[in-house]
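Enquirer: What follows is a predicted structure for the sequence shown.
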2 protein chains.
Amino acid sequence: MDKVGRYQFMAEPFHCDFSGRLFMGHLGNHMLNAADFHSTDRGFGMKRLMTINRSWVLSRLAIEMVDMPAQYTKFNVETWVESAMRYFTSRNFAVVGTDGHAYGYGRSIWAMIDTETRQPTDIYSIDNGAINDWIVTDKECPIDKGGRVKMSDDAQLVHTIDTYYNDVDINGHINSVKYIEHVLDLWPLDWYREHAVKRFEIAYVAEAHAGDQLSFYRQEMPQTSEYCIRIVRADGTECCRSKVQFF
Amino acid sequence: MDKVGRYQFMAEPFHCDFSGRLFMGHLGNHMLNAADFHSTDRGFGMKRLMTINRSWVLSRLAIEMVDMPAQYTKFNVETWVESAMRYFTSRNFAVVGTDGHAYGYGRSIWAMIDTETRQPTDIYSIDNGAINDWIVTDKECPIDKGGRVKMSDDAQLVHTIDTYYNDVDINGHINSVKYIEHVLDLWPLDWYREHAVKRFEIAYVAEAHAGDQLSFYRQEMPQTSEYCIRIVRADGTECCRSKVQFF
């Protein structure tokens, strides 16, 4: 089996914004699906891990696009493991048109946890480090790796939301994809008439649950025209940190 | 070509609720996709209509389920035109497991509008009433047709939301699928630990736009254990009326 997985998706009408382009949240969802299909097909997917009380946990996701697929466009999400360490693995994505051109790329970092203790566990313990058989070192992912999003105390509280039934995933946590939507909802529609998301980055720090109130603190980085966002639960715990750059 | 269209979908992990079953909003989205694929394959889809300044507009959707597909389950959405009149067409859905059992059914009513005047237009005017070639009269859709949701002045204001970028569809209107999510978010997560949606019905009455504040009025119908919901814009215009029945 090829080390790189390739999965076709379509920019569905109700997954596109008013400009007729795929929403970033739905693209993120397609990437997470591709990751899941790829790992399942190669013996280290969620369904297999569930049987041994292990689970992948998404730690970081960065997506950088030249363009977003337009309504009804079919495109492929390619995904592969770039590296694996004991406690983290790095998985990349390419969003590729049926003509072969790249719409953009993604990078993600995953931990593996013990679903009973919720503690990180050794990725190499699965099938004697079998994940190392799937590492691809010669495929390009020409976007910045990202890293810890640095924010000062100048970040302003810009929005507070309650969370509901549709925000919650199968684990009872706020859905990783919904966070993407909530962050991008911080800008008004008029902003998106002039701007599109160039790069979206999010680090999942702590879990939140249905009913949690989430506060969004935002800071503009004037040198780079990036915005940094901190999402904080009502008890003060930081859940996510995100960075958004617009065209 | 078969008069009935059949399209396969999967209950994706991030489209499932905390019980591991597909969210009603995502099922609704799959039905609307199936409708779009079916009509496109048969020459009267959105893309074709756009070229002649026509568009389908969803007027009503009713979904009644025995069970919801579980995470990772593949299922088919079958769809067919039950009847067509000058200004409305009725399209049905069956959600069918790969083993052939029915998870549930859907019914929908669509109008065709002139995209310049936004007025209803004659469906029969398209290719000399070609839609009549696709009517299926012998396939069962054993759920109630529904109809106008009757509410009294006793309905209580239970929630008010602002609408944002991710709520807006390609036409600049609040996304039909997002309304389903917003209605079902009126109940707390604890409610869903004891109840699942048996039947969901929504009538799209008037459009709302990003930034519109939407107020949700709810009334319990004691004889039937149904809830009726009216969604109203800040200017008092009613946008949607919905009815939800739980197991």
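Expert: Yep, that arrived. It should be emphasised that the depicted structure is a prediction, and the values quoted were computed from it without experimental measurement.

Enquirer: which non-adjacent residue is nearest A:Asp114?
Expert: A:Thr121 (4.8 Å; CB to CB, 6 or more residues apart in numbering or on different chains). Using the backbone N, CA and C atoms, a C-beta is placed for each residue, glycine as well.

Enquirer: Could you check which helix or strand contains the spatially closest residue to A:Val136 that is not a sequence neighbour?
Expert: In this structure, A:Val136 finds its nearest non-sequential neighbour in A:Trp80, 4.2 Å apart by CB to CB, 6+ apart. Per DSSP states H and E, A:Trp80 falls inside strand A:74-84.

Enquirer: Could you look up the SS state of the most centrally placed residue in chain A?
Expert: Geometric centre of chain A, nearest residue: A:Leu61, 3.6 Å, by CA atoms, centre = their mean. Of the three states, A:Leu61 takes strand according to DSSP: H, G, I helix; E, B strand; the rest coil.

Enquirer: which ones are touching A:Pro222?
Expert: Contact criterion CB atoms under 8 Å, 6 or more residues apart in numbering or on different chains gives no residues in contact with A:Pro222.

Enquirer: per-residue pLDDT, the residue nearest to the centre of chain A?
Expert: Note for A:Leu61: predicted pLDDT of 98.

Enquirer: State whether it and A:Glu201 are indeed in contact, as I suppose.
Expert: Yes: counting by CB atoms under 8 Å, A:Glu201 is a contact partner of A:Leu61 at 7.3 Å.

Enquirer: circling back to that earlier point, any figure for the gap between the residue nearest to A:Asp114 and B:Glu238?
Expert: Using CB to CB, to the nearest Å, A:Thr121 is found at 53 Å from B:Glu238.

Enquirer: Please identify which of the two sits among more neighbours.
Expert: A:Thr121 (19 against 14; other CB atoms under 10 Å in any protein chain shown).

Enquirer: coming back round to it: tell me which strands and helices the strand holding A:Trp80 is in contact with?
Expert: When contacts are defined as 3 or more CB pairs under 8 Å, 6 or more residues apart in numbering or on different chains; DSSP states H and E, strand A:74-84 packs onto strand A:5-10, helix A:24-41, strand A:89-97.

Enquirer: how about a cut-off of 10 Å?
Expert: Packing partners of strand A:74-84 (3 or more CB pairs under 10 Å, 6 or more residues apart in numbering or on different chains; DSSP states H and E): strand A:5-10, helix A:24-41, strand A:89-97, strand A:102-114.

Enquirer: Please pull out the lowest mean pLDDT helix or strand from chain A.
Expert: Between all helices and strands in chain A, the lowest mean by mean pLDDT, DSSP states H and E belongs to helix A:46-50, at a mean of 88.

Enquirer: buried residues in it?
Expert: Within helix A:46-50, the residues scored as buried using 16 or more other CB atoms under 10 Å in any protein chain shown are A:Met46, A:Leu49.

Enquirer: and that helix, anywhere near chain B?
Expert: Yes: with CB under 10 Å from any CB of the partner chain as the criterion, chain B is reached by helix A:46-50 at A:Met46, A:Lys47.
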